[in-house]
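In: Just a sequence and a predicted model for now, questions to come.
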Amino acid sequence: MSGLRGAAAIIGVGQAGLGEMPGHSALDILGLSVSAALEDAGLTLADVDGLFTASSFHSMPSVSVAEYLGIAPRFSDGSMIGGSSFVAHLQLATMALMTGQCEVALICYGSNQRSAGGKLVSMTEPQPYERPYGLRYPIDAYALVAARHMHEYGTTRDDLAEIAVAARKWAQLNPEAWKRDPLSREDVLSARMISDPLSVLDCCLVTDGGGAVIMVRADRALDFPQKPAFFLGGATALSHRSIAQMADMTTTAAVQSGKAAYAMAGMTPQDVDVLALYDAFTINTLLFLEDLGFCPKGEGGRFVQGGGIAPGGRLAVNTNGGGLSCVHPGMYGIFLIIEAVRQLRGSCGARQIEGADVALVHGNGGAFSTQVTALLGSEATL
Amino acid sequence: MTSEAPDLRGPDQIFRAALDEGRVLLQRDPVSGTLFFFPRATIPGRGIGTPDWVEVSGSGIVYSTTVSRRRPEQGGNRNIAIIELIEGPRLMSQVTGIDPEEVKIGMPVHARLEHSEDGPVLRFAPAEGAA
């Protein structure tokens, strides 16, 4: 037993600038999301003494964020492992809280990616053995994985389209989602191809947005206005920096991060009520369903067919609409956590999964490079 | 009495100098015999010891492939491929000489060295006799 299970809980979440927030910097949007989370938790900024953040805009993210917010945290971490960083921060914050390094931990992110020009801010330096070939990062790397999965397991573009459609159907139940207009498999299949086999509708959105999460030790978790979401287990796995170094191009290190997170939580996939999987591309959702034990390797396509992960399907996946249809401001990990917490609180309205007690949050960074799994639970799971 | 001057070049320099001569050198863990790419000063997963250099055949198969689609003014569509060398390691490259759409997983390919302003570049072409 690691001692981390149930040691801390999320007692505040906030979002800002979802979709588009012109005229605001990345830090402005981050700051507004922190305000929302503080209000949600019934805390003030003066209570925050632990800071966890990551950024592709700032080379010293925790320093820039502390300055902007006007805080001098006792403990801080700015580890950058891509979009999964914030899910990794859940475990780091839990460790810092339980060892007395801080009393109130703030995990936060903000981005003005859309308003700043709609371009992906490159969060990667060119890799020396990729550069001569003009790899368009990251989508070409994800396309190479999708192509290999199709080759080995007979996965089809229609399977991937099913994932995009499921995400959109969830987004239609979420008033905060950016893309809510109807989407059919035919729309996805006939969309402009970007990197075969991925079309523009297999790709995440490019939006603005910020999110913040506040954690305290479990012994204080019931002293706040909102139902706490307890940290039950978490793990980070690193596998490669450049896609050519991925040991098995159809299996991600989510196998390792998932196994370790389930072990810490004392749980199995059967215990999970709702999933938040980092869907930068449709192929992500499919691989993570396999690698986290929700279906056998190679069966992801069949698993999602027939609305398998859409509202009313066999498994509730990405109920906010995901990076594909809700929000994706460069890095999406913080929003996975926020949606999981809201499901555990029972505050998701039309998209609420009744009686959700266990949420699995899975973050991805780089080109399937970093995999971070966390399990969160209601008080009933302690 | 003569003594051979020590090779002070870094691993990337050795790799590129060989490419310039038309040879593909990979490194090998002298203990396990495992070949690896990309070039580095230490042995991955081992940390101590010095890798050997081994000349490889340049033959491989396409392990995965994509058509990275670009507008003509951006250079047009290009192939990006992961090549698995017959000696084992995989690397990123491009299969050239055929349409990007025609590059298929499993296709036998052979190294083709090309020269750019930044030095030699390792690309691949469909192997002789392969359809």
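Out: Received, thanks.
In: so for the helix or strand containing residue A:275, what's the average pLDDT?
Out: Residue A:275 is located in strand A:274-277, with elements delineated by DSSP states H and E. Average pLDDT, strand A:274-277: 98.
In: for the next helix or strand after that strand, packing partners?
Out: Counting by DSSP H and E, the next helix or strand C-terminal to strand A:274-277 is helix A:282-291. With contacts taken as 3 or more CB pairs under 8 Å, 6 or more residues apart in numbering or on different chains; DSSP states H and E, helix A:282-291 sits against helix A:139-153, helix A:157-171, helix A:254-265, strand A:274-277, helix A:300-304, strand A:358-365. All C-beta atoms are positioned from the backbone trio N, CA, C, and that covers glycine.
In: ok, back up a step: neighbouring contacts of the strand holding residue A:275?
Out: With contact meaning CB atoms under 8 Å, 6 or more residues apart in numbering or on different chains, strand A:274-277 is reached by A:284-285, A:288-289, A:292, A:294, A:315-320, A:322, A:336-337, A:339-340, A:343, A:353, A:356, A:358-362.
In: Read off the pLDDT value for the spatially closest residue to residue A:23 that is not a sequence neighbour.
Out: Using CB to CB, 6 or more residues apart in numbering or on different chains and skipping the chain neighbours, the partner closest in space to residue A:23 is residue A:115 (7.2 Å). Looking at residue A:115, its pLDDT is 92.
In: which element is residue A:115 on?
Out: Counting by DSSP H and E, residue A:115 is part of no helix or strand.
In: Pull the number of nearby residues for it.
Out: For residue A:115, the neighbour count with other CB atoms under 10 Å in any protein chain shown is 20.
In: Chain B contacts on the stretch 51-200 of chain A?
Out: A:128-130, A:132-136, A:140, A:143-145, A:147-148, A:151, A:193-197 (CB under 8 Å from any CB of the partner chain).
In: can I see the domain layout of chain B?
Out: Split into domains by automatic domain parsing, chain B comes to B:9-56, B:57-131.
In: when you scan the longest one, is anything in it near chain A?
Out: Right, domain B:57-131. Yes: applying CB under 8 Å from any CB, one finds domain B:57-131 in contact with chain A at B:63-70, B:75, B:78, B:80-82, B:90-94, B:101, B:105-106, B:116, B:118, B:121, B:123.
In: Generate a PyMOL selection restricted to the buried entries among the residues you listed.
Out: Per 16 or more other CB atoms under 10 Å in any protein chain shown, the buried members of the residues of domain B:57-131 next to chain A correspond to this PyMOL selection:
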select buried, chain B and resi 63+64+65+66+67+68+69+78+80+81+82+90+91+92+93+94+105+121+123
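In: now, which of the residues of domain B:57-131 next to chain A lie within helices?
Out: Applying DSSP state H to those, no entry is found in helices.
In: Can you give me the neighbour number for residue 83?
Out: Using chain A here. 30.
In: Wait, chain B was what I had in mind.
Out: Neighbours of residue B:83 under the rule other CB under 10 Å: 28.
In: Tell me how far it lies from residue A:43.
Out: To residue A:43, residue B:83 is 54 Å away according to CB to CB, to the nearest Å.
In: buried ones in stretch A:171-191?
Out: A:171-174, A:176-180, A:183, A:185, A:187-189, A:191.
In: quick one: which of these is nearest to chain B?
Out: Closest to chain B out of these is residue A:191 (11.9 Å), distances taken as CB to the nearest CB.
In: what about the closest one, which SS state?
Out: coil (DSSP: H, G, I helix; E, B strand; the rest coil).
In: Please look at it and residue A:197 and confirm they touch.
Out: No: using CB atoms under 8 Å as the test, residue A:191 is too far from residue A:197 to be in contact (11.6 Å).
In: And the strands in chain B, which stretches?
Out: For chain B, applying DSSP state E gives strands covering B:24-28, B:35-36, B:52-56, B:59-68, B:78-85, B:90-93, B:108-116, B:119-126.
In: TSV for the helices and strands packed on helix A:282-291, including distance to residue B:5?
Out: Shown next, in TSV, are the helices and strands packed on helix A:282-291 (distance: least, CB to CB, whole Å):
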stretch	distance to residue B:5
helix A:139-153	41
helix A:157-171	56
helix A:254-265	45
strand A:274-277	56
helix A:300-304	56
strand A:358-365	44
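In: just the ones you listed: most buried one?
Out: For these, the largest average neighbour count (mean count of other CB atoms under 10 Å in any protein chain shown) is found in strand A:358-365, namely a mean of 29.
In: quick check, distance from it to the centre of its chain.
Out: 6 Å (CA atoms, centre = their mean, to the nearest Å).
In: next one: stretch A:232-247
Out: Centroid separation for stretch A:232-247 versus its chain: 15 Å, with CA atoms, centre = their mean.
In: Between the two ends of it, what distance do you get?
Out: The straight-line separation of the ends of stretch A:232-247 (CA to CA, to the nearest Å) is 29 Å.
In: among the domains of chain B, which is the most enclosed?
Out: domain B:57-131 comes out most buried of the domains of chain B by mean count of other CB under 10 Å, with a mean of 17.
In: I'd like the average pLDDT over that domain.
Out: The model assigns domain B:57-131 a mean pLDDT of 94.
In: For chain B, give me its nearest residue in the stretch 251-382 of chain A.
Out: residue A:367 (11.0 Å).
In: Residue A:137 is in contact with that residue, correct?
Out: Yes: counting by CB under 8 Å, residue A:137 is a contact partner of residue A:367 at 7.0 Å.
In: one step back: could the strands of chain B go into CSV alongside distance to residue B:16?
Out: Output for those, formatted as CSV (distance: least, CB to CB, whole Å):
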stretch, distance to residue B:16
strand B:24-28, 10
strand B:35-36, 17
strand B:52-56, 13
strand B:59-68, 19
strand B:78-85, 17
strand B:90-93, 14
strand B:108-116, 11
strand B:119-126, 6
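In: nearest to residue A:10, of those?
Out: Of all the strands of chain B, it is strand B:59-68 that lies closest to residue A:10, at 38.5 Å by CB to CB.
In: what packs against that closest one?
Out: Looks like strand B:59-68 contacts helix A:139-153, strand A:193-195, strand B:78-85, strand B:108-116 (3+ CB pairs under 8 Å, 6+ apart).
In: who's in contact with it?
Out: Strand B:59-68 is touched from outside by A:134-136, A:140, A:143-145, A:147-148, A:151, A:193, A:195-197, A:249, B:77-86, B:90, B:95, B:100-101, B:103-111, B:124, B:127, with contacts defined as CB under 8 Å, 6+ apart.
In: go with 6 Å
Out: A:136, A:140, A:143-144, A:147-148, A:195-196, A:249, B:77-78, B:80-86, B:90, B:100-101, B:103, B:105-110 (CB atoms under 6 Å, 6 or more residues apart in numbering or on different chains).
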